[in-house]
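Asker: The following comprises the amino acid sequence and a computationally predicted model.
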Amino acid sequence: MAVTDAAKVVDDDYADLSGVDDKLVRLGQDMAADVVTTDFNLAKVAEIKGVRVLNVNELANAVKTSVLEAHPWVAMNLLSAFEEAKLERAWAGYYEVNDFDHNGIVGPHPSIPNLHFMNGFSGHGLMQAPAVARGLAERIVGGRYSTIDLAPLGFARLLENRPLVELNVIG
């Protein structure tokens with residue numbers, strides 16, 4: 001199979017399902033296809049529903065960079081598509097992360113007027129930006145969060161050594 005034959009764009013929506021994970025699993029079932037993901041929860045849902053999964057994070061942990069550098073044929077044997085794959089272009093970007101508690105920092109600085117934060121969301125920033133921007137705009141214009149309370153993500157927690165711990169984050 002050529003690499004170009006391995007991917008297909010599908011426009012099915014599955015309007016009867018609300019969650020993206022459920023839609024991806026249904027698509028995998030309907031196409032008798034495997035799900036390739038980095039999402040731990042999606043991988044578990046797919047496995048429970050009988051869809052084969054390649055969790056790229058697990059693959060990366062199983063095959064360390066040093067092994068691939070010394071033996072590139074290992075990757076080719078793991079995924080036959082690598083055999084024909086050629087790097088055409090690459091892009092790298094800054095992975096923004098808050099090392100204090102790995103959560104975003106949102107809202108006004110406690111002692112510098114007119115300095116507001118909306119950062120530290122790592123790879124989730126694009127997904128969370130609309131909601132966070134709305135909340136911060138409400139805070140700036142109206143003096144409070146009204147649609148969604150983003151106060152727990154405030155800068156003060158860093159100064160007070162109060163990490164915001166998420167129990168559902170795995171990694």
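Answerer: Received it, and whenever you're ready, just let me know what you need. Residues are numbered from 1 along each chain as shown.

Asker: Tell me the first helix or strand C-terminal of the longest helix seen in the chain.
Answerer: Across the chain, the longest stretch assigned as helix under DSSP state H is helix 125-142. Using DSSP states H and E, the helix or strand that follows helix 125-142 in sequence is helix 156-159.

Asker: What lies in contact with that next one?
Answerer: For helix 156-159, contacts defined as C-beta atoms under 8 Å, 6 or more residues apart in numbering pick out 100, 101, 105, 110, 162, 163, 164. Just so you know, the C-beta spots here come from the backbone N, C-alpha and C atoms, and that holds for glycine as well.

Asker: Show me those residues that map onto strands.
Answerer: Among the contacts of helix 156-159, the members found in strands (DSSP state E) are residue 105.

Asker: domains for the protein, by residue range?
Answerer: In terms of domains, the chain is parsed into 3-84, 105-159 (source: automatic domain parsing).

Asker: Skipping its backbone neighbours, what lies nearest residue 50 in space?
Answerer: In this structure, residue 50 finds its nearest non-sequential neighbour in residue 29, 7.5 Å apart by C-beta to C-beta, 6 or more residues apart in numbering.

Asker: Just checking the distance from the strand or helix carrying that neighbour to the centre of its chain.
Answerer: Element membership of residue 29 [criterion: DSSP H and E] is helix 20-31. Centre-to-centre, helix 20-31 and its host chain are 18 Å apart (C-alpha atoms, centre = their mean, to the nearest Å).

Asker: now do stretch 126-133
Answerer: 13 Å.

Asker: wait, is residue 59 part of a helix?
Answerer: Yes. Counting by DSSP: H, G, I helix; E, B strand; the rest coil, residue 59 is part of a helix.

Asker: Could you report the separation of it from residue 20?
Answerer: Per C-beta to C-beta, to the nearest Å, residue 59 is found 22 Å from residue 20.

Asker: more neighbours, those two?
Answerer: More neighbours surround residue 59 than the other of residue 59 and residue 20, with 14 against 11 (other C-beta atoms under 10 Å).

Asker: If we ignore the residues flanking it in sequence, what's nearest residue 110?
Answerer: The shortest distance from residue 110 to any non-neighbouring residue, by C-beta to C-beta, 6+ apart, is to residue 156 (5.3 Å).
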